[in-house]
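> sharing a model prediction with you, sequence too.
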Amino acid sequence: MQPSSPVSDTIPKTPKHPVLGTSLRVLSVSALGVVFGDIGTSPLYTLKTVLNLTGTHPGPAVILGALSLIVWTLIIVTTIKYVSVAMRIDNDGEGGILALMSLLGIKLKPRPVIIALGLLGAALIYGDGAVTPAISVLSAVEGLNIAAPSFAPYVLPASVLILVALFLFQRQGTARIGKAFGPIMLIWFVTIALLGVWGIVQHPSVLFALNPIYGLSYLFSGGMTGFLVLGGVFLCVTGAEALYADMGHFGARPIRLAWFALVFPSLLLNYAGQSALVLSGAPTSDNIFYRLCPSVLLLPLILLATIATIIASQAIITGAFSMTRQAIQLGWLPRLQIKQTSQEGYGQIYVGAVNWMLMIATCGLVIAFRKSDNLAAAYGIAVSATMLATSALLFIAMRQIWGWGLVRAGAVAGAFIVIDMAFFLSNLSKIASGGYVPLLLAAFVYGIMLIWHRGAEAVAARLQETVVPIGTFMTNISQGQIPRVPGTAIFLTRTKQDVPPVMIWHLKHNRSLHQRLFVLSVVTESIPWVDDASRLTVAEIAPQFWRATTRYGFMERPDVPALLRQAQAGGCGIDVSDVTYYVGHETIISSEDGKGLPKWLEASFGLMQRNSIHVSDYLRLPSDKLVEIGRQIAI
C-alpha cells in the first residue's frame, strides 16, 4: 500500500484574481462599476428620506443635524469599520460575511453559533438585494417628474420595464458592458461632486455640519423623531457591506484608493450641496438631488442617474449570484444550474433560479410601493442586521486572528456594535410599513439553507452506516470469484474511508468489477482557493484499488474530468480514455425506525433534492461515460 501523496498541477489553473497584473489605477476605476454602485447612488434618495422624517419644514438646526449624522455615518461605518478595519480581515483574499463565517466558524474551529450568524447575515443580504434595484431605479426615473411633470403616470411602468430588461439581460452575461461600468461610474461621481460644489457655493455655512456636535445635538434633543431619523440616515451606507464582500474581485488596495480618492469626497460634497439648497429654501417634497442640476442639463442627468442605478442593480444581482455559488459549495444550498457567461472573469456567472426570484420580488416591490419614498420604509432593516452580525464576527476575528486583548477588541468592536445596534433598532420601526418584506425574503432563504444542510447531513450519516472495510471487501471478491473486466471504474462518493456504498450496489447489481478501481471524494474547503500542490491526494489502498480526495475552495468550479486528465499527465496511473464514472442517484424516503428527521423536514429536503441538478452535472462528468445507480435513502 502506498502512502497518500499530493498530485500537483492537477486541474486547469483558475486564477485567484483574474485581474492580477493590472495597474492599481485601472483596478480602482473598474471597482467603481462593481463595488460602489449601491452606495454611490444613495444620494438620490437618502437626504430626501431623512428630511421627510423630520417634518414638512425643517429648520437650519434640523438640516445641519441630519447632514452631520450622514457625514459621520459615512466616516464611522464605511471608512473606519469596513474600509480600514474589516478589509484587513480576509479569507485568503475573499471578504464578506460568508467568507468571514467560513474562516471563523469552519476553518479555525467548528462553531455552530458563528455558522448560524453568518448564514443569517447572508440570507438578510438576499432580502435587501431585492429592494436595492427597486428603490434605485425608481428614484432615478422619478427625476422625470421635475423635468416633465406630464410624464408622471409613466414613471412606474418605465421603472418596471427597465428592471425586467435588466434581469432578462443576465443570461447573456455582462462581460462586455461590464468594461464600461467603471468609466460610467467615474463620470457619475465627478458629476455629483460638481453638483455638490455648486450647491455649497450658494450656502457655504452648510459645512458647519462637519462638526459632529450638530448631529449629536439633534439626535439627543429630537426625542423619538431624532431616533427614528437614524433609519433614514442608514440609507447612506447600505452599500458598505458590498465593499467587504467584493474585496476578492479587485483586492483591498484598489477599493481603498477609489473610496478615499473619489467616492467618499463625492458623496460628502453632494450631500452637503443638497443640504445647502434646503437651507436656501428649496422644497423637500420632491427629489432634492435633481434640484442641484441646472434645468438645461436635467434630462442628461436623469439619463446618467438611470444608467448608474442600473449599474448599481447589476452589482447587487452579480453579488447574489456569487453568494449563491459560495453557499452551494459550502453545502448550505441545493445544487443549482450555474452558467459561466464569460471566460474572462470568474465572477461572470448566471444562476437562473436566483435571477427569476429576484426579478419577481423586485418588480413586485415597485408595483406594490409605487414610489421611492414608500420603498425607503422597506429598505435598510436587513442590511443593518447583517452589519450587526459582521461586527460581532469582527470582534471574534480581532481576538483570534489579530490576537488582540479583550479590552482592546471590545472597545473597537463594541463601538461598531453599539452604532450598528442603534441603526438596527431604528430600522425596526419600518417593519409595519414595509420592512417585513426583506425580512420575509431572508427568512425564506435562511429556512432553505437550514433544511438543505440538515437533510444533507442525514443522508451522509446514513451512507456512512453502509460502508464496508477494504480488507473485508477484497476478501469477499476473491472468495466469491467476482469477474474483473478491463478498464477503470471511478466511483464518486461522500464517504471518507472504506468501500463506498455506490461500489457495493454496483457489485450487487452487475456482479462484476473493473480491473482498476478508483474511489474519489470531492471536498469543499473553508477557503476560497486551494493551492495546486494540495489539489489531489491519491493512495493505493489495495492492488489496483486507489482512493483519492480532491479539494476545491468555495470560489472554485469543480471539474473532475479535467482534474483526472491533469493527474494522468502528472504521473497518476489513470487512463482517462478508458474510464467509467459511477455515481449514486438518491431518492429520499421517510425513515421507519422513528429516528429520522421530522416528516415536514424530510419532505422539504426531498423536494429540493429532486429539483437540484445532478451531481454528475455539478462535477461536469461526461454523459457518455456515466452510470447512475438509483438508491433509496431513508432519513
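Sure, I can see it.
> for the stretch 351-500 of the chain, what spans make up the helices?
With DSSP state H, counting those that start in this stretch, the ranges of helices along the stretch 351-500 of the chain come out as 352-369, 372-375, 381-400, 406-427, 436-464, 470-480.
> again with the stretch 501-635 of the chain
Secondary structure of the stretch 501-635 of the chain, counting by DSSP H, counting those that start in this stretch: helices at 501-510, 560-569, 599-611, 615-618.
> now this protein, which segments are flagged as low pLDDT?
Along the chain, segments meeting pLDDT under 70 span 1-22, 107-110, 173-179, 340-348, 480, 526, 570-573, 594.
> what's the biggest helix in it, counting residues?
helix 298-329 (DSSP state H).
> tell me the angle that one makes with helix 436-464.
Orientation check (axes from the mean of the first three to the mean of the last three Cα atoms, to 10 degrees): helix 298-329 against helix 436-464 gives 20 degrees.
> can you point out the buried residues in helix 298-329?
298, 301-302, 304-329 (16 or more other Cβ atoms under 10 Å). Placement of C-beta: from N, CA and C, glycine included.
> same question for stretch 588-608.
By neighbour count on 16+ other Cβ under 10 Å, the buried set for stretch 588-608 is Ile588, Gly596, Leu597, Leu601, Glu602, Ser604, Phe605, Gly606, Met608.
> how long is that stretch end to end?
Start-to-end span of stretch 588-608 (Cα to Cα, to the nearest Å) is 10 Å.
> which stretches in the stretch 201-350 of the chain count as strands?
Per DSSP state E, counting those that start in this stretch, the stretch 201-350 of the chain carries strands over the ranges 338-340, 349-351.
> out of the ones you listed, the one nearest Ala147 is which?
Ala147 lies closest to strand 349-351 among the strands of the stretch 201-350 of the chain, at 35.0 Å (Cβ to Cβ).
> how near is the residue lying closest to Trp529 once chain neighbours are set aside to Gln326?
Nearest in space to Trp529, with sequence neighbours left out and distances taken as Cβ to Cβ, 6 or more residues apart in numbering, is Gly553 at 4.3 Å. Applying Cβ to Cβ, to the nearest Å, the value for Gly553 to Gln326 is 10 Å.
> repeat that for Leu219.
Using Cβ to Cβ, Leu219 is found at 37 Å from Gln326.
> run the chain-centre distance for stretch 367-376.
Chain-centre distance of stretch 367-376: 25 Å, with Cα atoms, centre = their mean, to the nearest Å.
> CA atoms only: put that stretch into CSV for me.
Output of stretch 367-376 as CSV, limited to C-alpha atoms (Å, rounded to 0.1, in the frame of the first residue of the first chain):
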residue,chain,number,x,y,z
ILE,A,367,-45.6,47.8,-8.3
ALA,A,368,-46.7,47.5,-4.6
PHE,A,369,-44.9,50.5,-3.2
ARG,A,370,-45.1,52.7,-6.3
LYS,A,371,-42.8,55.5,-5.0
SER,A,372,-39.2,55.5,-3.8
ASP,A,373,-40.4,57.3,-0.6
ASN,A,374,-42.5,54.3,0.2
LEU,A,375,-39.8,51.8,-0.7
ALA,A,376,-37.4,53.6,1.7
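> buried sites along that stretch?
Going by 16+ other Cβ under 10 Å, stretch 367-376 has these buried residues: Phe369, Ser372, Asp373, Leu375, Ala376.
> go on, stretch 473-483?
Neighbour-count burial for stretch 473-483, counted by 16+ other Cβ under 10 Å, picks out Phe473, Met474, Ile477.
> other residues contacting it?
Stretch 473-483 has contacts (Cβ atoms under 8 Å, 6 or more residues apart in numbering) with Asp498, Val499, Ile504, Leu507, Arg511, Ser512, Leu513, Ala542, Phe545.
> which one (most neighbours) among the residues you listed?
Highest neighbour count within the contacts of stretch 473-483, by other Cβ atoms under 10 Å: Val499, with 27 neighbours.
> any idea how far it lies from Ala461?
On the measure of Cβ to Cβ, Val499 and Ala461 end up 17 Å apart.
> next: Arg253.
45 Å.
> do Thr309 as well
Distance of Thr309 to Ala461, computed by Cβ to Cβ: 48 Å.
> and if you look at Ala258?
In terms of Cβ to Cβ, Ala258 sits 48 Å off from Ala461.
> the two: which has the busier surroundings?
Ala258 (27 against 10).
> isn't that one right up against Val34?
No - counting by Cβ atoms under 8 Å, Ala258 stays clear of Val34, with 10.3 Å between them.
> okay, and the closest residue to Ile97 other than its chain neighbours sits in which element?
In this structure, Ile97 finds its nearest non-sequential neighbour in Gly121, 4.1 Å apart by Cβ to Cβ, 6+ apart. According to DSSP states H and E, Gly121 maps onto helix 112-141.
> and the helices in the stretch 151-300 of the chain, which stretches?
155-169, 175-202, 212-221, 223-233, 240-245, 247-250, 252-258, 264-279, 288-291, 298-329.
> okay, those, which one's buried deepest?
helix 240-245 (a mean of 27; mean count of other Cβ atoms under 10 Å).
> contact partners for Glu575?
Glu isn't right for residue 575; it's Asp. Shown in contact with Asp575 (Cβ under 8 Å, 6+ apart): Thr488, Gln568.
> how many neighbours does Gln609 have?
Residues lying near Gln609 (other Cβ under 10 Å) number 18.
> got the contact list for the closest residue to Val190 other than its chain neighbours?
Leaving aside its sequence neighbours, Val190 sits nearest to Ser266 (Cβ to Cβ, 6+ apart; 7.2 Å). Applying Cβ under 8 Å, 6+ apart to Ser266 gives the contacts Gly40, Phe189, Val190, Ile192, Ala193, Gly196.
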